[in-house]
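Asker: Structure for the following, please:
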Amino acid sequence: MSPRFFNPVASDKQRTTVLLINLGTPDAPTASAVRRYLAEFLHDYRVVDLTRWLWCAILHFVILPIRSGIVAKKYAGVWREDGSPLLALSKKLRDAVQAQCSDYDVRLAMRYGNPSVASVLREAQADGMRRLLVLPLYPQYSASTTASSHDAVMKELQRWRVMPELRLINDYHDNGEWLDAIEASIENHWDLHARAEKILFSFHGLPQRFIRDGDPYAAQCEASAKAIAARLGLSDTEWLLTYQSRFGREPWLEPATDKTLESLAKQGVKTVDIICPGFAVDCLETLEEIKVENQELFHKAGGEKLRYIAALNESPGHACALAHLIKRHCQGWGH
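Answerer: This next block holds a predicted model:
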């Protein structure tokens, strides 16, 4: 049985640890691995806040048996030699940020799956962590992502007899350096391919109920999209904000990315650029849902080219933006 408290490992170091947290990924593109991952993800009350006994029955007897194999095939379609795209690219981003933050110990954890938040925190503590800055890799705050990441940190730390000094970053949706990186990414794409007739800023969706209950996510997505469009000098008719990855039957944020692409194609729009500013690195939702599923949908509706602009991933501009954010939030702490 685990002890009531986790006793710290003796160390003479006094390190400041920066913990980057991304959503997570299954360990392998198999039905069993996906089932374990989805079970952990969808058990989170921040993600699905339905009555527990009802939701657990639906999850374990309906959703997981049906969806695990289907989702596993999608993961297999984007899996890389170095593993899951989200984990592999997040590791590269961590390395790039660490290179610009030599005074700090930058680590990476997954909210769901491996490496877990708890395991990474314990490793950091054993290496002398005395101060902790938590940076969830979500530019726009949502209770279902950012707050859930903070929950995972606190769930582990509440078991420690000696806690580190702690700071939490909630969002960076209007951060100037991050907006610079997004702007540069789009302009580089246009330099290579010229502008499409429209550009879509596609963000992960949420149930509308979450927004009515006070979640600032939609407002921050709108603020990010407007700031990017303004930097690019786009008129209101040249860009659209949409939401993707709908799950379940209740109303989600609109307009939906897939429905918008269908509508644009039927209106005669032939070329569309699409970027997903809410995703720090490419993952299943961008590489499969956008690049494959929505590409096919756009073509079937009469469109010709749907050009996906990659996530910032480990690009120098992205690493620089996060490094500057980290250094600002660590002010007064020393090293």
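
Asker: which residue packs closest to residue 312, ignoring adjacent ones?
Answerer: The shortest distance from residue 312 to any non-neighbouring residue, by C-beta to C-beta, 6 or more residues apart in numbering, is to residue 318 (3.6 Å). C-betas here are computed from N, CA, C, even on glycine.

Asker: so where is the protein shaky, pLDDT-wise?
Answerer: Along the chain, segments meeting pLDDT under 70 span 1-14, 334-335.

Asker: The longest helix along it: what's the following helix or strand?
Answerer: Looking across the chain with DSSP state H, the single longest helix is helix 176-193. Next helix or strand after helix 176-193 toward the C-terminus (DSSP states H and E): strand 198-204.

Asker: Name every strand pairing with that following strand and say which way it goes.
Answerer: Strands that pair with strand 198-204, judged by DSSP bridges, come out as strand 239-244 (parallel), strand 271-275 (parallel).

Asker: Identify whichever of the ones you listed lies nearest to residue 203.
Answerer: Closest to residue 203 of the strands paired with strand 198-204 is strand 239-244 (C-beta to C-beta; 5.6 Å).

Asker: Tell me how far that closest one lies from the chain's centre.
Answerer: Offset of strand 239-244 from its chain centre (C-alpha atoms, centre = their mean, to the nearest Å): 17 Å.

Asker: tell me what the next helix or strand after that strand is packed against?
Answerer: Downstream of strand 239-244, the first helix or strand assigned by DSSP H and E is helix 257-266. Contacts defined by 3 or more C-beta pairs under 8 Å, 6 or more residues apart in numbering; DSSP states H and E place helix 257-266 against strand 198-204, strand 239-244, strand 271-275, helix 295-300.

Asker: ok, back up a step: wait, which of the strands paired with strand 198-204 is closest to residue 114?
Answerer: Across the strands paired with strand 198-204, residue 114 has its closest neighbour in strand 239-244 (25.7 Å, C-beta to C-beta).

Asker: So what touches that closest one?
Answerer: The contact list for strand 239-244, computed with C-beta atoms under 8 Å, 6 or more residues apart in numbering, reads 198-206, 221-222, 225, 229, 252-258, 260, 276, 285, 289-290, 294.

Asker: and what of stretch 287-296?
Answerer: So stretch 287-296 is contacted by 74, 77-78, 85, 202, 244-245, 257-258, 261, 274, 276, 306, 308 (C-beta under 8 Å, 6+ apart).

Asker: do you know how far the residue nearest to residue 312 is from residue 93?
Answerer: Counting by C-beta to C-beta, to the nearest Å, the gap from residue 318 to residue 93 is 7 Å.

Asker: re the thing from before, for the strands paired with strand 198-204, give me CSV that also has distance to residue 181.
Answerer: Formatted as CSV, those follow (distance: least, C-beta to C-beta, whole Å):
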stretch, distance to residue 181
strand 239-244, 18
strand 271-275, 12
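
Asker: residues in contact with residue 27?
Answerer: Counting by C-beta under 8 Å, 6+ apart, residue 27 makes contact with 33, 36-37, 113-114.

Asker: could you redo the last one with a cut-off of 6 Å?
Answerer: Residue 27 makes contacts with residue 33, as judged by C-beta atoms under 6 Å, 6 or more residues apart in numbering.

Asker: Just to be sure, it is in a helix?
Answerer: No. Counting by DSSP: H, G, I helix; E, B strand; the rest coil, residue 27 is not part of a helix but coil.

Asker: Quick check: phi and psi at it.
Answerer: Backbone geometry at residue 27, expressed as degrees, to the nearest 10, gives phi -70, psi -20.

Asker: and if you look at the one 10 residues further on?
Answerer: The phi/psi pair for residue 37 (degrees, to the nearest 10) reads phi -70, psi -50.

Asker: How about the contacts made by residue 59?
Answerer: Residue 59 is in contact with residue 42, counting by C-beta under 6 Å, 6+ apart.

Asker: Next, the buried residues of the longest helix of the chain.
Answerer: 177-179, 181-186, 189-190 (16 or more other C-beta atoms under 10 Å).

Asker: measure the residue nearest to residue 312 to residue 257 for me?
Answerer: Taking C-beta to C-beta, one finds residue 318 at 22 Å from residue 257.
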